[in-house]
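Asker: next input, structure requested:
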Amino acid sequence: MDKEVGSESNPKNRIITLSIIFIAMGLVIAGPALLPSSESGQVAAQQAGSNNAKLSLSALRQQGVSLLGNPSAPVTIIEFGDFQCPFCDRFAKETEPQINQTYIQTGKVNMLFVHFTIYGPDSVTAAMAALCINDQGRFWNLYNILYKNQGAVNSGWANKDNLKKFASQIPGLDTQKFNSCLDSGKYISLVQNDLALAASLGLQGTPGFIIEKSDGSNPELLPGAYPFPAFQSLINKKLTGG
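Answerer: The predicted model follows:
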């Protein structure tokens, strides 16, 4: 995403019901541009389909996706992000705290993070570090630290040495275990799986958000770092049965 949240002149790009996007979740849409997109709202469209099982909270957690909030919350937000994306950074600092306070801390919503590593090698290394730290239940601690320390794209700000320093700031972390995990490349396959999931949805830029019932039903896509009211509208719709 290299542009303000979306194309303001085209409201169709703002919120796209995912039932218009899938034929089947297992199919990869041909030719998505896996690069930071200048059109934050671009999503490949297909005819309606109802196979949303891969987006359910239980399925994503089995794949190692990191969870924030109560697993029993009725609504789930899935963030497709990249730790090098400047608009992901803006969401993390401005909008996520409002969602957290209003909905996550009150048990109404939980949130998942899928690694859509489209910016380059530092993105992949940061994603692997986040998955390693998730082993110790500290993913969201590192999430905040990485966005606070985000540097120029692929400048080395998220190399292994720096990631180990960032992780060492987290109280109670077993740094030896984390460092060993990161050095081993243990989670490269999960990073690749996350990228494939984003590609199967036709996502072309970061961040992208799916807001759905926690069983994966009624998913809708919000393609961009929209301000809190846009999330609030969709969340309240899901909470009231929409």
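Asker: might you list the low-confidence residue ranges for this structure?
Answerer: 1-52, 242 (pLDDT under 70).
Asker: G216 contacts A53, correct?
Answerer: Yes: using Cβ atoms under 8 Å as the test, G216 is close enough to A53 to be in contact (6.0 Å). From N, CA and C alone the C-beta is placed, and that goes for glycine too.
Asker: mutual contacts of the two, please.
Answerer: Common contacts of G216 and A53 (Cβ atoms under 8 Å, 6 or more residues apart in numbering): A59.
Asker: kindly provide the distance from the residue nearest to R61 when sequence neighbours are not counted to S200.
Answerer: Nearest non-adjacent residue to R61, counting by Cβ to Cβ, 6 or more residues apart in numbering: L67, 6.1 Å away. Distance, L67 to S200, using Cβ to Cβ, to the nearest Å: 21 Å.
Asker: for C132, same thing?
Answerer: As for C132, its distance to S200 is 25 Å (criterion: Cβ to Cβ).
Asker: so for these two, which sits in the more crowded spot?
Answerer: Higher neighbour count among C132 and S200: C132, with 25 against 19, using other Cβ atoms under 10 Å.
Asker: state the distance from the more buried one to V75.
Answerer: Here the criterion is Cβ to Cβ. By it, C132 lies 28 Å from V75.
Asker: try L195
Answerer: Distance, L195 to V75, by Cβ to Cβ: 25 Å.
Asker: equivalent analysis for S180, please.
Answerer: Relative to V75, and taking Cβ to Cβ, S180 is found at 37 Å.
Asker: quick one: which of these two has more around it?
Answerer: V75 (23 against 12).
Asker: now do the contacts for that one.
Answerer: Counted by Cβ under 8 Å, 6+ apart, V75 has contacts Y103, K108, V109, N110, I211, E212, K213, S214, I235, K238, L239.
Asker: go again with 10 Å.
Answerer: By Cβ atoms under 10 Å, 6 or more residues apart in numbering, the residues touching V75 are 57, 69, 103-104, 108-111, 211-214, 218, 234-239.
Asker: next: W140.
Answerer: Neighbours of W140 in contact, by Cβ under 10 Å, 6+ apart: S66, L67, L68, G69, A92, E96, N100, M111, F113, A130, I133, N134.
Asker: let's see that with 6 Å instead.
Answerer: Residues in contact with W140 (Cβ atoms under 6 Å, 6 or more residues apart in numbering) are L68.
Asker: assumed it was part of a helix.
Answerer: Yes: per DSSP: H, G, I helix; E, B strand; the rest coil, W140 lies within a helix segment.
Asker: how much space separates it from R61?
Answerer: From W140 to R61 the distance is 15 Å (Cβ to Cβ).
Asker: what does Q150 give?
Answerer: 27 Å.
Asker: and for L197?
Answerer: According to Cβ to Cβ, L197 stands 13 Å off from R61.
Asker: settle it for me: which of those two has more neighbours?
Answerer: Comparing L197 with R61 by other Cβ under 10 Å, the one with more neighbours is L197, at 22 against 14.
Asker: next, that one: secondary structure please.
Answerer: Going by three-state DSSP: L197 is helix.
Asker: give me the outermost residue of this structure relative to its centroid.
Answerer: Going by Cα atoms, centre = their mean, the residue of the chain most distant from its centre is Q176, 27.1 Å out.
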